[in-house]
Each structure stands twice: as C-alpha cells, then as structure tokens.
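S.K.: sharing a model that was predicted from the sequence below.
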Amino acid sequence: MFSFMMMIMVDCNTYNYTHSSYIMTKSKFTESLLYESHSLGIFHDVLDFSKKLREEDRTLDFDGSIEKAFNKLSTK
C-alpha cells in the first residue's frame, strides 16, 4: 500500500512540475514590460516616467518603477 501511495505522489509531483505555470524573475518581468512598451510605442515615456518616480520615491527600485510607469502609461 505504501509503495502505491508513493507512486501516486511521484506522478502528481511530476505532473505539477511539468505543467506548472512559468515563474518569471523580476528582471525577466521588467524586460517583458519594456519589450511590450516598445511595441506600444511608449518605451521612452516609460523610462522617463520611471526615472521621475524613482526621484520622487527613493525606496522604489528600478523594476518597481518600470512596472508602475508601464501600468500608468499603458492604461491611458
């Protein structure tokens, strides 16, 4: 009975590992936002606005400022 349960656990873990959603790193997410902003034609606007956000809030890092700037400018 124990070996049968172990087989089920291994099968479930293998399935979850191969079919789990892709987890991005912070830098990969930022890269994808910059790529998308370029395709929308707002790349330089995102960079400029993110710089302004970092100047106003010194605790905000580059990745966070890019995300905030992209979200703000892409929803206009």
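M.R.: Looks like it came in fine. Residues are numbered from 1 along each chain as shown.
S.K.: who are the packing partners of whichever strand or helix holds Leu47?
M.R.: Per DSSP states H and E: Leu47 is located in helix 43-56. Using 3 or more Cβ pairs under 8 Å, 6 or more residues apart in numbering; DSSP states H and E, the elements in contact with helix 43-56 are helix 26-40, helix 62-74. Where you see a C-beta, it was placed from the backbone N, CA and C, and this is true even at glycine.
S.K.: got the angle between the shortest one and helix 26-40?
M.R.: An angle of 30 degrees separates the directions of helix 62-74 and helix 26-40 when computed by axes from the mean of the first three to the mean of the last three Cα atoms, to 10 degrees.
S.K.: mind giving me the packing neighbours of helix 62-74?
M.R.: helix 26-40, helix 43-56.
S.K.: can you show me the CA trace of that helix as CSV?
M.R.: Coordinates of the C-alpha atoms in helix 62-74 are reproduced here as CSV (Å, rounded to 0.1, in the frame of the first residue of the first chain):
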residue,chain,number,x,y,z
PHE,A,62,14.2,50.1,-11.0
ASP,A,63,11.9,47.1,-11.5
GLY,A,64,9.1,48.6,-9.4
SER,A,65,9.3,51.9,-11.1
ILE,A,66,9.2,50.4,-14.6
GLU,A,67,6.1,48.4,-13.6
LYS,A,68,4.3,51.4,-12.2
ALA,A,69,5.2,53.6,-15.1
PHE,A,70,4.1,50.9,-17.6
ASN,A,71,0.8,50.4,-15.9
LYS,A,72,0.1,54.1,-15.7
LEU,A,73,1.0,54.8,-19.3
SER,A,74,-0.4,51.8,-21.0
